[in-house]
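1. I'll drop the sequence and a predicted model, then ask my questions.
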Amino acid sequence: MVKPHGRFPTTLASIHYPTLPFTMRKNKTKSKLKQGQPVYGVLSASPDPYLAELIGLTGFDYYMLDAEHGPLTPADAVNVVRACDAVDVTPLVRVGQFDMKLVLQYLDAGMMGIMMPGLRTAVHLQQFVQGIKYPPDGNRGFGPGRSANYMLGTPAEQAAYVAQANEQILILPQFEEIGLLETLPELTAVPGVDGFVIGPRDLALSMGHADSANHPDVQQRIDDAIHIMQQVGLWVGITASNQAAAQQQIARGATIILTTVPGLIQDGAHQMLPPTTG
């Protein structure tokens, strides 16, 4: 049996463990919005971190997982967040149901913003905001998730993290039903909301225009909604398929531009492939 040399520790208690740096992540997308700059992002139903890295490397500001229409879970989000951190693109998620335990799991995984459809009352929206923010601004529980560096920091560092998380997380309910237009002033008055993301296609469907979100009536209601949001200083998000469409939306007041992976692939294919004939 080899005896331990006297200069080496022989018990776990005698081992010195270095203090780990407590890295507090910044929300680049929210910072740009505060500076009055538009931000561009991609909505994706893929859990593959490879795609998140590519989106970040091509210059987009944020990468949003679509957990409403995609078969995604908070477990998928962890590696996507790691990929986003590696290329400095903000990880966001659209959660498909009003389940604050589910929202908490995405936040603990490291998501820097939540987009939520289907919040039809100010009460539900208040509950949504409260569940995202830590006390004293809300009621989010503090757990050893990736977002909090697994609670490995000092008490002072953990307190600083709580304050920063309350300020950094983007809170973005969606506006995509014509019935919400009348209650939109009440919804926009809920404290803690950063902005609303408009869903033109679902809005058009709710108005009986399944054939086109470009119908003049739909576009007028979008303008009405943007006006209400801007009156109280909220950011406006909306979809755009290309830069020309994005500039049109920015001109009408949008600052959060959202496109999709299929749209990007289709646009790239049109530029790459020869015109079809026949």
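-> That came in fine, so what should we check first?
2. report the next helix or strand after the least confident helix or strand in the chain by mean pLDDT in sequence order.
-> Here the helix or strand of the chain ranked lowest by mean pLDDT, DSSP states H and E is helix 155-168, holding a mean of 90. Where DSSP states H and E defines the elements, the next helix or strand beyond helix 155-168 is strand 170-175.
3. helix or strand right after that next one?
-> Assignment by DSSP H and E places the next element after strand 170-175 at helix 184-188.
4. what does that following helix rub up against?
-> With C-beta atoms under 8 Å, 6 or more residues apart in numbering as the test, helix 184-188 has contacts from 119, 122, 125, 173, 175, 180, 193, 196, 225, 228-229, 231-232, 234. C-betas here are computed from N, CA, C, even on glycine.
5. ditto for stretch 220-240
-> For stretch 220-240, using C-beta under 8 Å, 6+ apart, the contacting residues are 33, 115, 172, 175, 178, 181, 184-185, 188-189, 193-200, 203, 207, 246, 248-249, 252-260.
6. report the buried members of the residues you listed.
-> 33, 115, 172, 175, 178, 181, 184, 188, 193-200, 203, 207, 246, 249, 253-260 (16 or more other C-beta atoms under 10 Å).
7. let's see which of those residues end up in helices.
-> Secondary structure of these is defined by DSSP state H; positions in helices are 33, 184, 188, 200, 203, 246, 249.
8. quick one, grab the pLDDT at the fourth one.
-> According to the per-residue confidence, Pro200 scores 97 in pLDDT.
9. so which helix or strand takes in the nearest residue to it once chain neighbours are set aside?
-> Distances taken as C-beta to C-beta, 6 or more residues apart in numbering place Ala213 nearest to Pro200, at 3.9 Å, with adjacent residues excluded. Assigned by DSSP H and E, Ala213 belongs to neither a helix nor a strand.
10. contacting residues for Ala213?
-> 200-201, 203-204 are the contacts of Ala213 under C-beta under 8 Å, 6+ apart.
11. now do 6 Å
-> Taking C-beta atoms under 6 Å, 6 or more residues apart in numbering, we find Ala213 in contact with 200-201, 204.
12. wait, Glu176 touches Leu205, no?
-> No - Glu176 is beyond contact range of Leu205, at 8.6 Å (criterion: C-beta atoms under 6 Å).
13. these two: which is more packed in?
-> With neighbours defined as other C-beta atoms under 10 Å, Glu176 and Leu205 compare such that Glu176 has more, 20 against 17.
14. angles on the backbone of that one, please.
-> phi -150, psi 20 (degrees, to the nearest 10).
15. got the phi and psi for the residue nearest in space to the middle of the chain?
-> Central residue of the chain (C-alpha atoms, centre = their mean): Leu92, 2.5 Å from the mean position. Leu92 adopts backbone torsions of phi -130, psi 170, taken as degrees, to the nearest 10.
16. pretty sure it contacts Met116?
-> No - Leu92 is beyond contact range of Met116, at 11.2 Å (criterion: C-beta under 6 Å).
17. burial of Ala160, as a residue count?
-> Count around Ala160 with other C-beta under 10 Å applied: 14.
18. gap between the two ends of stretch 53-72?
-> Using C-alpha to C-alpha, to the nearest Å, one end of stretch 53-72 lies 18 Å from the other.
19. low-confidence stretches in the stretch 1-150 of the chain?
-> 1-24 (pLDDT under 70).
20. same question, the stretch 151-278 of the chain
-> Looking at the stretch 151-278 of the chain by pLDDT under 70, you get 277-278.
21. which helix or strand lies directly C-terminal to the helix or strand encompassing Ile228?
-> Element membership for Ile228, per DSSP H and E: helix 216-231. As assigned by DSSP H and E, the chain's next helix or strand after helix 216-231 is strand 235-239.
22. how far off centre is that following strand?
-> 12 Å (C-alpha atoms, centre = their mean, to the nearest Å).
23. circling back to that earlier point, just flag the most distant two among the contacts of helix 184-188.
-> Leu119 and Gln231 (19.4 Å; C-beta to C-beta).
24. where do the strands sit along this protein?
-> 39-44, 62-67, 90-95, 113-116, 170-175, 195-198, 235-239, 256-260 (DSSP state E).
25. of those, which approaches Gln271 most closely?
-> Of all those, strand 256-260 comes closest under C-beta to C-beta, at 14.9 Å.
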